[in-house]
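J.: heads up, no residue letters with this:
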């Protein structure tokens, strides 16, 4: 029933039996079902729904405005990259070079002492090698840091010994021990016939060692030596625990400057991982190639 | 200690030599004399102590009892400068033991220059002559790895000769070579012997021993079982062990 008007044939009885169909005038004011949505919207349950939705979505929208995304973290990393590389990683590499240099020189000496005919020299070299091969590198570093003086007093002035210098010395000790073993093993790998031939030709032991034995095993000692360099390089982040300003320390300081968002951890440490990998992997591959090339051809 | 040695005395003299490796006695009383210019062959089964015997002569192994005299000088005198002894006694090994990181001519030249302190020019001349003598002309600049076994052995002989030794010891030098290359090496040794070099050979080459040796010693189990000039040794051996050995190899 629309606006009180009864429609014959629909709301009341038919007035005529003639098949007269008047045009349906229902659209003039719209059907009641057109208002259904509006009516529903106006009802209390729909408002409840809207309020609930807002209550849920609003904090999420808020968070999306202030959330620290991975993009932000990577942007922060990019900003700090030059410092991390030039001052941080550079110091790691410098420490590894110097440590390797000192460790190799003292290691060769120690290795030759281990095969010396002089018993006290041989025994002391053996024990020194065993000591530094079987001790944790970090503990050695701490001991060296604390045992070495902070500065050298020359009377009129005192020279401060920087921490990274002590770290270089500390890391060179296990390297020395391991290179000593490499040298000893290399020398012992030369067939005894070479020693006998040299002896029969009246070479002195010193001449035999430096002109006949060592030149032969030098090539064979290069792959393990390179391997130890890679291991040493990967160990240099240990010095961050001593306060040396290398890559890990600087990364931590950078993250601190960026308000220590937990999202920064993986980009910064991940970068350190990648940069070490990029540096050490080629060394590992070259080591493999050299090993194959210098494999013993009897 | 320079003792007065005259050529009528043996240049090498072993008296009742005993040598043990730990508890294993390898030489059980060896006595033999070698006169200057002689070629001596030591033959015998494996493990009889032949190589050990030779190595004791130039001091590579030490002895427990007995005496070894080279040119009147006791080898195992603790005061003896072993290096001086080895300048007189050259040795060639079964495994050649050339220095693989040096060329053939460098191998030959190194010792006279470094040990005897002779001038490089003079040594080079001698080295080239020696390489020519062992019939390896053209191979001076080759590394041992590029040479065959027989060629390496001849370089080893040249290397020992460069020190101008008075006695040459050969420790089974042809044992690792095939028959053709054995011949090359034996010809070289034959020439050496004919030039008057005193040679002591440990060998399995019976034909060579018969042809070249002045005296043959047969060792078994650390003792000299029988010895004699090849003429009588091969045909009139008396000891049953000798006879057994000869019957197996001849």
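T.: That came through fine. Everything numeric here is computed off the predicted structure, so don't read it as measured data.
J.: please state the offset of stretch B:118-125 from the chain centre?
T.: Averaging C-alpha positions (Cα atoms, centre = their mean, to the nearest Å) puts stretch B:118-125 25 Å from its chain's average.
J.: anything in that stretch near chain A?
T.: No. Using Cβ under 8 Å from any Cβ of the partner chain, stretch B:118-125 never reaches chain A; the gap is at least 12.8 Å. C-beta here means a position set from N, CA and C on the backbone, and glycine is covered the same way.
J.: up against chain B, what does the stretch 51-200 of chain A have?
T.: Counting by Cβ under 8 Å from any Cβ, the stretch 51-200 of chain A sits next to chain B at A:191, A:193-194, A:196-197, A:199-200.
J.: cross the residues you listed against helices and list the overlap.
T.: Mapping these onto helices (DSSP state H) picks out A:193-194, A:196-197, A:199-200.
J.: hang on, residue A:194 packs against residue A:212?
T.: Yes. Counting by Cβ atoms under 8 Å, residue A:212 is a contact partner of residue A:194 at 6.1 Å.
J.: list residues touching both of these two?
T.: residue B:99 (Cβ atoms under 8 Å, 6 or more residues apart in numbering or on different chains).
J.: so which of those two has more stuff around it?
T.: Remark: of residue A:194 and residue A:212, residue A:212 carries more neighbours, 22 against 19, as counted by other Cβ atoms under 10 Å in any protein chain shown.
J.: tell me the contacts of residue A:128?
T.: By Cβ under 8 Å, 6+ apart, residue A:128 lies in contact with A:110, A:177.
J.: now the helices for chain B?
T.: Going by DSSP H, chain B shows helices at B:50-57, B:82-88, B:104-114, B:120-133, B:149-161, B:179-194, B:206-212, B:230-233, B:240-249.
J.: elements contacting the last one?
T.: I take that to be helix B:240-249. If contacts are counted by 3 or more Cβ pairs under 8 Å, 6 or more residues apart in numbering or on different chains; DSSP states H and E, helix B:240-249 sits against strand B:215-220, strand B:223-228.
J.: how about those strands, which one is nearest chain A?
T.: strand B:215-220 (21.1 Å; Cβ to the nearest Cβ).
J.: centre-most residue in chain B?
T.: residue B:169 (1.3 Å; Cα atoms, centre = their mean).
J.: wait, isn't that one in contact with residue B:57?
T.: Yes. Using Cβ under 8 Å, residue B:169 is in contact with residue B:57, at 6.2 Å.
J.: okay, and the common contacts of those two?
T.: Counting by Cβ under 8 Å, 6+ apart, the residues touching both residue B:169 and residue B:57 are B:89, B:200.
J.: please name the nearest non-neighbouring residue to residue A:159.
T.: Distance criterion Cβ to Cβ, 6 or more residues apart in numbering or on different chains; nearest residue to residue A:159, sequence neighbours excluded, is residue A:152 at 4.8 Å.
J.: in contact with that neighbour, which residues?
T.: Contacts for residue A:152 (Cβ under 8 Å, 6+ apart) come out as A:158-159, A:161.
J.: mind redoing it with 10 Å?
T.: Applying Cβ atoms under 10 Å, 6 or more residues apart in numbering or on different chains to residue A:152 gives the contacts A:158-161.
J.: neighbour count and pLDDT added to these, as a markdown table?
T.: Output for the contacts of residue A:152, formatted as a markdown table (neighbours: other Cβ atoms under 10 Å in any protein chain shown; pLDDT from 0 to 100):
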| residue | neighbour count | pLDDT |
| --- | --- | --- |
| A:158 | 12 | 82 |
| A:159 | 9 | 83 |
| A:160 | 10 | 84 |
| A:161 | 14 | 84 |
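J.: would a markdown table of those with distance to residue B:245 be doable?
T.: Shown next, in a markdown table, are those (distance: Cβ to Cβ, whole Å):
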| residue | distance to residue B:245 |
| --- | --- |
| A:158 | 84 |
| A:159 | 80 |
| A:160 | 82 |
| A:161 | 76 |
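J.: among these, which one sits closest to residue A:122?
T.: Distances from residue A:122 to the contacts of residue A:152, taken as Cβ to Cβ, are shortest for residue A:161 (32.9 Å).
J.: what sits against that closest one?
T.: A:148-152, A:169.
J.: just the pLDDT at the residue nearest to residue A:159, thanks.
T.: Per-residue pLDDT puts residue A:152 at 80.
J.: what does it show for phi and psi?
T.: In terms of degrees, to the nearest 10, the main-chain angles of residue A:152 are phi -100, psi 120.
J.: what segments of chain A are strands?
T.: A:151-153, A:158-160 (DSSP state E).
J.: OK, contacts around residue 180?
T.: No chain was given, so I picked chain A. Counted by Cβ under 10 Å, 6+ apart, residue A:180 has contacts A:103, A:106-114, A:125-126, A:128-130, A:132-133.
J.: I was after chain B.
T.: B:148, B:150.
J.: please redo it, this time with the cut-off set to 8 Å
T.: Applying Cβ under 8 Å, 6+ apart, the residues near residue B:180 are residue B:150.
J.: show me the shaky parts of chain A.
T.: Counting by pLDDT under 70, chain A shows low-confidence ranges at A:1-3, A:22-30, A:63-66, A:295-298.
J.: domain parsing for it?
T.: A:32-66, A:70-293 (automatic domain parsing).
J.: which stretch among these comes nearest residue B:42?
T.: Nearest to residue B:42, of all the domains of chain A, is domain A:70-293, at 17.6 Å by Cβ to Cβ.
J.: spell out which parts of chain B neighbour chain A.
T.: B:58, B:60, B:82-84, B:86-87, B:89-91, B:93, B:95, B:97-101, B:110-111, B:114-115, B:145, B:156, B:159-160, B:163.
J.: on that earlier part again, in JSON lines: the strands of chain A, plus distance to residue A:141.
T.: JSON lines is the format used below for the strands of chain A (distance: least, Cβ to Cβ, whole Å):
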{"stretch": "strand A:151-153", "distance to residue A:141": "19"}
{"stretch": "strand A:158-160", "distance to residue A:141": "19"}
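J.: how many other residues sit next to residue 184?
T.: Defaulting to chain A. 20.
J.: oops, I was thinking of chain B
T.: Residue B:184 has 19 nearby residues by other Cβ under 10 Å.
J.: quick one: it and residue B:151, what's the gap?
T.: According to Cβ to Cβ, to the nearest Å, residue B:184 stands 8 Å off from residue B:151.
J.: distance of the closest residue to residue B:52 other than its chain neighbours from residue B:68?
T.: In space, and not counting its chain neighbours, residue B:52 is closest to residue B:26: 5.0 Å by Cβ to Cβ, 6+ apart. Here residue B:26 is placed at a distance of 15 Å from residue B:68 (Cβ to Cβ).
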